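Novice: Fold the following, please.
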Amino acid sequence: MTDLLTYEQPLNEVIRVGLRLEQLFQQVDHYRTDTTPLGTRTLVVLLMNILHLLDRPDLKAKLAKELSQHLSNIMRLEHTPEIDKEKWHQTTSQLDTLIRSFIESSGKIGQRLRDIELLNTLRLHLASPGGGCSFDIPLYHYWLHLPIEQRQATLNDWFGEFAQIRSATELLLKLVREGSKTHPKTAVHGFYQELLDPQMNLRMIRVSVSDKVQAFPEISIGRHFLSIRFFVIDINKRPVQYTQNVDFMLAYCNS
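Specialist: All right, here's what the predicted structure looks like:
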């Protein structure tokens, strides 16, 4: 059985941030099971990366606007005969709650964490290669060697600050992916192009190709034009274009 490998190309800043956050939260979930001091260090680095990504002061407003557009689209489906009413109510309620929380809250997301002295010190040292050593921050070294129960309690508290943004990211990407229109395409001699309707308001393009094809796509897209070029897999040399035809699925995410 052939599996599809999907490549996603975000087309606005909110979706771009959402995909980065999704990847970071997946890594957090993976390392939460590592109870060693090294596992805790990795989680702290991930926490720093999340905070850095959320540093933009306009992010909450942009998220609220993006979620509001999705809410408006879903509200128009209320009287559609085939709609799942329970799912519709659940989704609209969740969207409304998230939008209100972003609009009504003050400060940056995770602002409380920015006021913690240890984390502020770590942000400075971790910016340097190999930073955060025991001789840099003795307090950090001491904390890393506390019993795992104490470290986990602190980590749970810290990552709890991201519960809202994580819920918003997961729901947003779910709606974008599920609302896509997918069509089979063929890249002739490894190249595909098409004109786009500028009224589509695309949020993301998804290219799915068989994992048996020894090529990867590079996606170039603007308001009016899309091109996809497949390249031969070679991690040691500069990629060259794949010369065979490639069948793939192209998803247009505009809802």
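
Novice: To what extent is Thr97 buried, counted in neighbours?
Specialist: Close neighbours of Thr97, defined as other C-beta atoms under 10 Å, add up to 13. Every residue, glycine included, has its C-beta placed from N, CA and C.

Novice: Quick check: end-to-end length of stretch 234-250?
Specialist: Separation of the first and last residues of stretch 234-250 by C-alpha to C-alpha, to the nearest Å is 24 Å.

Novice: now that stretch, how far from the centre of its chain.
Specialist: 25 Å (C-alpha atoms, centre = their mean, to the nearest Å).

Novice: quick one: contacts of it?
Specialist: For stretch 234-250, contacts defined as C-beta atoms under 8 Å, 6 or more residues apart in numbering pick out 4, 182-192, 205-210, 213-217, 228-232.

Novice: Can you tell me the closest non-neighbouring residue to Asp3?
Specialist: Asp211 (4.9 Å; C-beta to C-beta, 6 or more residues apart in numbering).

Novice: Tell me the spacing between the one you found and His125.
Specialist: According to C-beta to C-beta, to the nearest Å, Asp211 stands 40 Å off from His125.

Novice: repeat for Gly18
Specialist: For Gly18, the distance to His125 - C-beta to C-beta - is 29 Å.

Novice: In terms of neighbours, single out the busier of those two.
Specialist: Each of Gly18 and His125 has its neighbours counted (other C-beta under 10 Å); Gly18 has more, 24 against 14.

Novice: name the element the more buried one belongs to?
Specialist: Gly18 is part of helix 13-31 when elements are defined by DSSP states H and E.

Novice: And the next helix or strand past that helix?
Specialist: helix 37-53.

Novice: Compute the inter-axis angle for that following helix and helix 13-31.
Specialist: Relative orientation of helix 37-53 and helix 13-31, computed by axes from the mean of the first three to the mean of the last three C-alpha atoms, to 10 degrees: 170 degrees.

Novice: Buried residues in helix 37-53, which are they?
Specialist: 39-51, 53 (16 or more other C-beta atoms under 10 Å).

Novice: Now it - C-alpha only, CSV.
Specialist: Taking Å, rounded to 0.1, in the frame of the first residue of the first chain, the C-alpha atoms of helix 37-53 are listed here in CSV:
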residue,chain,number,x,y,z
PRO,A,37,17.4,16.5,33.2
LEU,A,38,18.4,16.4,29.5
GLY,A,39,14.7,15.9,28.6
THR,A,40,13.7,18.8,30.8
ARG,A,41,16.4,21.0,29.1
THR,A,42,14.9,20.2,25.7
LEU,A,43,11.4,21.2,27.0
VAL,A,44,12.8,24.5,28.2
VAL,A,45,14.4,25.2,24.9
LEU,A,46,11.0,24.5,23.2
LEU,A,47,9.3,26.8,25.6
MET,A,48,11.7,29.5,24.7
ASN,A,49,11.1,28.9,21.0
ILE,A,50,7.3,29.2,21.5
LEU,A,51,7.7,32.4,23.5
HIS,A,52,9.9,33.9,20.8
LEU,A,53,7.3,33.0,18.1
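
Novice: What lies in contact with it?
Specialist: 17, 20-21, 24-25, 27-28, 31-34, 110, 113-114, 119, 122-123, 126, 132, 144-145, 151, 155, 158-159, 162.

Novice: I'd like to know which of these are buried.
Specialist: Of these, these count as buried by 16+ other C-beta under 10 Å: 17, 21, 24-25, 27-28, 31, 110, 113, 119, 122-123, 126, 132, 144, 151, 155, 158-159, 162.

Novice: what's the next secondary structure element after the lowest-mean-pLDDT helix or strand in the chain?
Specialist: Across the helices and strands of the chain, mean confidence by mean pLDDT, DSSP states H and E is lowest for helix 117-126: a mean of 89. Downstream of helix 117-126, the first helix or strand assigned by DSSP H and E is helix 138-144.
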